[in-house]
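Student: here is my input; please provide its structure:
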Amino acid sequence: MRISQRAQSVAPFYAMEFGKHAAALEAQGHHVVKLSLGEPDFGAPPAVVEAMRTAMDGRPMSYTEALGMPSLRQAIAGFYGERHGVDVDPGRVVVTAGASAALVLGAAALVDAGDEVLIGDPSYPCNRQIMESFGARVTLVPTSAASRFQLDADSVRSHWTDGTRGIMVATPSNPTGTSVPEGELAALCDLARERDAWRIVDEIYLDLGDHDDQDRPPRSALSFDPDAVVINSFSKYFGMTGWRLGWCVVPEILVPALERLAQNYFLCASTPAQHAALACFTPDSLAVCEERRAEFGRRRALVLDGLAQLGLPVPVPPDGAFYVYFDVSGTGLTSWEFCARALQEAHVALTPGRDFGVGTAETHVRLSYAASAGELREGIARLGKFVAALR
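Tutor: The predicted structure is shown next:
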């Protein structure tokens, strides 16, 4: 059987690979502190869980419309209005089988073979892998601590070519947890729009971003670029990992194309998950999610303090998501060696920088503080002994 070049060229997602090794150690009876995956330990808000129980009472579960249940699309649009002050037509909301499916649909609709797409280095690996699967020529644009490990207008301008057809930005970012400053994001979008290029903005962690000094949440890119393709998910802010439900907001002109693609690729997102997700937008559920966001802030402080005491520098402190990207070059180990040995010797699962690009592949490690505070304290304590033994 001949395997396609597409499949052969896809790199492993090393966070998942380290997760598999962690599971194997647990099967041997070890307690592994799992700080490798971005999976909140809270689960879905109670009202959402109860709504799922109600939906799964034995009634027939038919397909929904390919673009999602109208009531859920309306609820998502209302969320943008109430939380972010953006007027979104529900007809532009596409409900998908997770944010990954939203990206697949977006790539299928926008990318032709050979199109150049600019993405920051470091960045979430699946984003570029999906783009490349549709024939894109992905250019990883180097970033640094000075740019918060994010694209900026100057770097995009200097890497732009005649073949550039779009840019992809994630804010806040995985793996760094850093956001693109609002003015810089607007400049990025303006630059691409002026050159007739599309903009995909991954806002999966937007609602886990820090509020400003007036307690206002970060603004969506839709605030200043209504024609951007914005991707979001129920997995992170709403804690619904495993439910496989996400959405995107797209320009009106793209809706028919995405509908046809969704009909052929997925039929629709999970019907019971869509019914349950309606309960995300109740005042009680939103209050639960806000308390959890505050808890992530407390966990972040715990981790940053712990890493500082261990002498593991964090070049740019995160302001959203639930990741810390720290530098291990001072230990004398590469990031891969650090993660492999930390897992085997200290039973702490982390993710090496190799997952996220080229520039920080050998020097940086991602830690997810989506685990409980107790697990984070235990993980920091174990890393402390591990690092001390290296010196």
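
Student: now do the strands in the protein.
Tutor: 33-34, 93-96, 116-121, 137-142, 164-170, 198-202, 229-233, 246-249, 323-327, 348-349, 351-352, 364-368 (DSSP state E).

Student: just the mean pLDDT for the last one, thanks.
Tutor: Average pLDDT, strand 364-368: 97.

Student: to R377, which of the strands of the chain lies closest?
Tutor: Among these, the nearest to R377 by CB to CB is strand 33-34 (9.4 Å). All C-beta spots, glycine's among them, are computed from the backbone N, C-alpha and C.

Student: what's in contact with the closest one?
Tutor: Applying CB atoms under 8 Å, 6 or more residues apart in numbering, the contact partners of strand 33-34 are G19, A22, H347, V348, A349, A371, E375, E378, G379, R382.

Student: returning to what we had before: right, so of the strands of the chain, which gets closest to F386?
Tutor: The nearest among the strands of the chain, by CB to CB, is strand 348-349 at 7.4 Å.

Student: who are the packing partners of that closest one?
Tutor: For strand 348-349, the elements it packs on are helix 14-27, strand 33-34, helix 373-390, judged by 3 or more CB pairs under 8 Å, 6 or more residues apart in numbering; DSSP states H and E.

Student: contacts for that strand next, please.
Tutor: 18-19, 21-22, 32-36, 339, 342-343, 379, 382-383, 386.

Student: before we move on, the earlier item: looking at the helices and strands packed on strand 348-349, which has the lowest confidence?
Tutor: helix 14-27 (a mean of 84).

Student: who touches it?
Tutor: With CB under 8 Å, 6+ apart, helix 14-27 has contacts from 32, 34, 36-37, 339, 343, 347, 349-352, 354-355, 366.

Student: before we move on, what about stretch 231-238?
Tutor: Contacts for stretch 231-238 (CB under 8 Å, 6+ apart): 38, 40, 44-45, 48, 98-99, 102-103, 106, 200-208, 240-243, 245-249, 273, 277, 280, 285, 289, 293, 321-322.

Student: now do the helices in this structure.
Tutor: 5-9, 14-27, 46-55, 70-84, 99-110, 125-133, 153-159, 182-194, 255-265, 271-277, 283-309, 335-341, 373-390 (DSSP state H).

Student: among the contacts of helix 14-27, which one has the lowest pLDDT?
Tutor: Out of these, that is L37, at 85.

Student: returning to that earlier point: redo the helices and strands packed on strand 348-349 as a markdown table? Include mean neighbour count.
Tutor: Shown next, in a markdown table, are the helices and strands packed on strand 348-349 (neighbours: other CB atoms under 10 Å):
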| stretch | mean neighbour count |
| --- | --- |
| helix 14-27 | 16 |
| strand 33-34 | 24 |
| helix 373-390 | 16 |
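
Student: now, of the helices of the chain, which is deepest in the fold?
Tutor: helix 99-110 (a mean of 23; mean count of other CB atoms under 10 Å).

Student: in terms of secondary structure, what does that helix contact?
Tutor: For helix 99-110, the contact count by 3+ CB pairs under 8 Å, 6+ apart identifies strand 93-96, helix 125-133, strand 198-202, strand 229-233, strand 246-249, helix 255-265 as packing neighbours.

Student: nearest to V314, of the helices and strands packed on strand 348-349?
Tutor: helix 373-390 (12.9 Å).

Student: tell me which strands and helices that closest one is in contact with?
Tutor: Packed next to helix 373-390, using 3+ CB pairs under 8 Å, 6+ apart, are strand 33-34, helix 283-309, strand 348-349.

Student: just want the angle from it to strand 364-368.
Tutor: Orientation check (axes from the mean of the first three to the mean of the last three CA atoms, to 10 degrees): helix 373-390 against strand 364-368 gives 160 degrees.

Student: on that earlier part again, ok, so of the contacts of helix 14-27, who is nearest G114?
Tutor: D355 (25.9 Å).

Student: relative to P125, how far out is the closest one?
Tutor: Per CB to CB, to the nearest Å, D355 is found 5 Å from P125.

Student: residues that sit against both of those two, list them.
Tutor: F13.

Student: closest to S329 out of the helices and strands packed on helix 373-390?
Tutor: helix 283-309 (13.9 Å).

Student: helices or strands up against that closest one?
Tutor: helix 46-55, strand 323-327, helix 373-390.

Student: still on that earlier bit, adding distance to A145 as columns, could you present the helices of the chain in a markdown table?
Tutor: Formatted as a markdown table, the helices of the chain follow (distance: least, CB to CB, whole Å):
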| stretch | distance to A145 |
| --- | --- |
| helix 5-9 | 31 |
| helix 14-27 | 22 |
| helix 46-55 | 38 |
| helix 70-84 | 28 |
| helix 99-110 | 27 |
| helix 125-133 | 21 |
| helix 153-159 | 14 |
| helix 182-194 | 15 |
| helix 255-265 | 37 |
| helix 271-277 | 37 |
| helix 283-309 | 15 |
| helix 335-341 | 16 |
| helix 373-390 | 21 |
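
Student: rounded mean pLDDT for stretch 260-277, please.
Tutor: 96.

Student: so that it lines up with my notes, have the first residue be 485 from now on.
Tutor: OK, 485 is where the count begins now, so the last one is stretch 744-761.

Student: check the separation of the first and last residues in it.
Tutor: With CA to CA, to the nearest Å as the measure, stretch 744-761 spans 24 Å from end to end.

Student: got it, and stretch 544-552?
Tutor: Terminal-residue distance, stretch 544-552 (CA to CA): 17 Å.

Student: how far does that stretch sit from its chain's centre?
Tutor: Centroid separation for stretch 544-552 versus its chain: 26 Å, with CA atoms, centre = their mean, to the nearest Å.

Student: buried residues in that stretch, which are they?
Tutor: Judged by neighbour count (16 or more other CB atoms under 10 Å), stretch 544-552 contains these buried residues: T548, A550, L551, G552.

Student: correct me, but the third one touches P740?
Tutor: This means L551. No: checked against CB atoms under 8 Å, the pair L551 and P740 is beyond contact range at 10.0 Å.

Student: about what we covered before: how about TSV for the helices and strands packed on helix 583-594, with distance to R557 added?
Tutor: What follows is the helices and strands packed on helix 583-594, written out as TSV (distance: least, CB to CB, whole Å):
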stretch	distance to R557
strand 577-580	4
helix 609-617	23
strand 682-686	19
strand 713-717	13
strand 730-733	8
helix 739-749	11
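
Student: before I go, just wanted to say thanks for your time.
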